[in-house]
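Asks: got a structure for you, letters missing:
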């Protein structure tokens, strides 16, 4: 009895010691002085953690909401294509606005606020409309893309100035993990609740939640400040007495093309992604059509598929981040391009909803590597003083494919069926990945700088 009492006392003392040690470290972490860059990183993490809920609800259930409101195949395709059409004509002017603006934080805040108000309008829309509800969802998502394009360019520019290049990859990796984690948890909960509440009130509830969490996200964005050392020097002021002549559209297009050609690495990356984008966006509207209409998937199954994919991404972000440090962003990007070819092919290969849970694991593996390497390849190929302009050009090229390809996808699906259209998309992505592999861009470490697997095993054996 005495021995048992002494053992319990020892365990209690050890627990108290570790508890006090944890509290001391937590208190020191909470109260220590942080520099501007560290505070920016923390607010960027807070932004993406809240936005992960918004993004998961929108990405998983918007097309399902439109389909359950009676949307046709063409309307579901327009849900992806119309925002891209807006961006084709609005991205480059947005880049000019951001490039010329001296208030990057203000532009970011107000444009993102205007975009996210659309989520609130979608939530309350069924209270006021009895007809054309599906068309209203598509229209509101399309209108939101106007301020969304401006906010996207502005936020990317702000982030490039808020975190140093040395720490950017780590911050992006943690942001992607938080995005997947909060998205996974929210979709898992939403999928179960959506099946217990009647349509359209279930979707209205969660679009309201999406709006609320997007406001918490926006609060964190408003706290991010550019670092003075990363601010590009402002050009010298020029006299403005003479009126500025209007530049013809043909001249602007020629100048834009020359700007792209002047940065060879950006040119190769943008053109390669433009070609791959046709295969990337071709099946975008088909996933929802195939799962909801052909396989009769419930909201619970849709939520489970999204959750498993997000959980896989969380694990893979850590692994791909380490691999990219050793192999470079180019190698990881090309592996992603080849790997993503299997996702639509495997989706169309199965005729039951259950195997698609395992297919989402495949998607999570290569979506994680795509998210990390794509952003890193893009930012590393852009001059630091021209980020808004080049980002706008890049987004415009991708939005051309994002507008046309989903419409082609739904048209082909109407001809041969969604299942075979998805398998065709896999072949298209494989061909696009082969084209990307022939274009020089990105960073690959010189041979010999990264230890091989055999060398690392030998070093571990020597330490033992």
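Replies: Sure thing, it's come through. Bear in mind the structure is a predicted one, so any value in this text is a computation, not a measurement.

Asks: list the buried ones in the helix or strand that residue 57 is a member of?
Replies: Assigned by DSSP states H and E, residue 57 falls within helix 36-68. Across helix 36-68, burial judged by 16 or more other CB atoms under 10 Å covers 37, 40-41, 43-58, 60-68. (Glycine included, C-beta is placed from N, CA and C.)

Asks: quick one: least confident helix or strand in the chain?
Replies: Scoring the helices and strands of the chain by mean pLDDT, DSSP states H and E places helix 453-463 at the bottom, with a mean of 43.

Asks: now the stretch 101-250 of the chain, which segments are flagged as low pLDDT?
Replies: By pLDDT under 70, the low-scoring segments of the stretch 101-250 of the chain are 229-250.

Asks: residue boundaries of the strands in it?
Replies: Taking DSSP state E, counting those that start in this stretch, the stretch 101-250 of the chain contains no strands at all.

Asks: the helices in it, which residues?
Replies: Using DSSP state H, counting those that start in this stretch, the helices assigned to the stretch 101-250 of the chain run over residues 104-124, 133-162, 165-194, 201-222, 249-262.

Asks: out of everything not next to it in sequence, what's closest to the residue nearest the centre of the chain?
Replies: Nearest residue to the geometric centre of the chain (CA atoms, centre = their mean): residue 371, 6.8 Å. When the adjacent residues along the chain are set aside, residue 371 lies closest to residue 176, with 5.0 Å between them (CB to CB, 6 or more residues apart in numbering).

Asks: Spit out the contact partners of the one you found.
Replies: 48, 313, 317, 368, 371, 372 (CB atoms under 8 Å, 6 or more residues apart in numbering).

Asks: Which members of those residues are positioned in helices?
Replies: Judged by DSSP state H, helices contain the following of those: 48, 313, 317, 368, 371, 372.

Asks: and of those residues, the nearest to residue 325?
Replies: Nearest to residue 325 among the ones in helices among the contacts of residue 176, counting by CB to CB, is residue 372 at 10.6 Å.

Asks: in stretch 207-218, what counts as buried?
Replies: Using 16+ other CB under 10 Å as the test for burial, stretch 207-218 gives 207, 208, 209, 210, 211, 212, 213, 214, 217, 218.

Asks: re the thing from before, deepest of the helices of the stretch 101-250 of the chain, which one?
Replies: Of these, the one with the most neighbours on average (mean count of other CB atoms under 10 Å) is helix 133-162, at a mean of 22.

Asks: quick one, that helix and helix 36-68 angle?
Replies: 170 degrees (axes from the mean of the first three to the mean of the last three CA atoms, to 10 degrees).

Asks: what about helix 133-162, distance to the chain center?
Replies: Per CA atoms, centre = their mean, to the nearest Å, the displacement of helix 133-162 from the mean C-alpha position of its chain is 13 Å.

Asks: Kindly report the same for stretch 123-137.
Replies: Distance, centroid of stretch 123-137 to centroid of chain: 28 Å (CA atoms, centre = their mean).

Asks: Determine how far the last residue of that stretch lies from the first.
Replies: This stretch, stretch 123-137, spans 10 Å end to end (CA to CA, to the nearest Å).

Asks: Can you name the residues in contact with it?
Replies: 62, 65-67, 69-71, 75, 79, 122, 140, 200-201, 204-205, 207-208, 210-211.

Asks: if we can go back for a sec, now do the helix holding residue 57: which elements does it pack against?
Replies: helix 73-100, helix 104-124, helix 133-162, helix 165-194, helix 201-222, helix 286-288, helix 299-327 (3 or more CB pairs under 8 Å, 6 or more residues apart in numbering; DSSP states H and E).

Asks: Quick one: mean pLDDT for it?
Replies: For helix 36-68, mean pLDDT rounds to 90.

Asks: what's the answer for stretch 374-392, then?
Replies: pLDDT averaged over stretch 374-392 gives 78.

Asks: Now it: buried residues?
Replies: 374-382, 386-392.

Asks: Specify which member of the residues you listed is nearest to residue 94.
Replies: Of all these, residue 94 sits closest to residue 392, with 5.8 Å by CB to CB.

Asks: how distant is the strand or helix carrying the closest one from the center of its chain?
Replies: Residue 392 is part of helix 387-416 when elements are defined by DSSP H and E. In terms of CA atoms, centre = their mean, the centre of helix 387-416 is set 16 Å apart from its chain centre.

Asks: Next, the angle helix 133-162 makes with that helix.
Replies: Using the same axes, to 10 degrees: helix 387-416 against helix 133-162 is 150 degrees.

Asks: Tell me the helices and strands packed up against helix 387-416.
Replies: Counting contacts by 3+ CB pairs under 8 Å, 6+ apart, helix 387-416 packs against helix 73-100, helix 133-162, helix 249-262, helix 264-281, helix 286-288, helix 355-380, helix 418-436.

Asks: can you put these in TSV and add distance to residue 403?
Replies: As requested, the helices and strands packed on helix 387-416 are exported to TSV (distance: least, CB to CB, whole Å):
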stretch	distance to residue 403
helix 73-100	4
helix 133-162	11
helix 249-262	18
helix 264-281	8
helix 286-288	16
helix 355-380	20
helix 418-436	17
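
Asks: What about the residue found closest to residue 422 once you drop the neighbours it is linked to in the chain, how many residues nearby?
Replies: Using CB to CB, 6+ apart and skipping the chain neighbours, the partner closest in space to residue 422 is residue 348 (3.3 Å). For residue 348, the count of nearby residues is 24 (other CB atoms under 10 Å).
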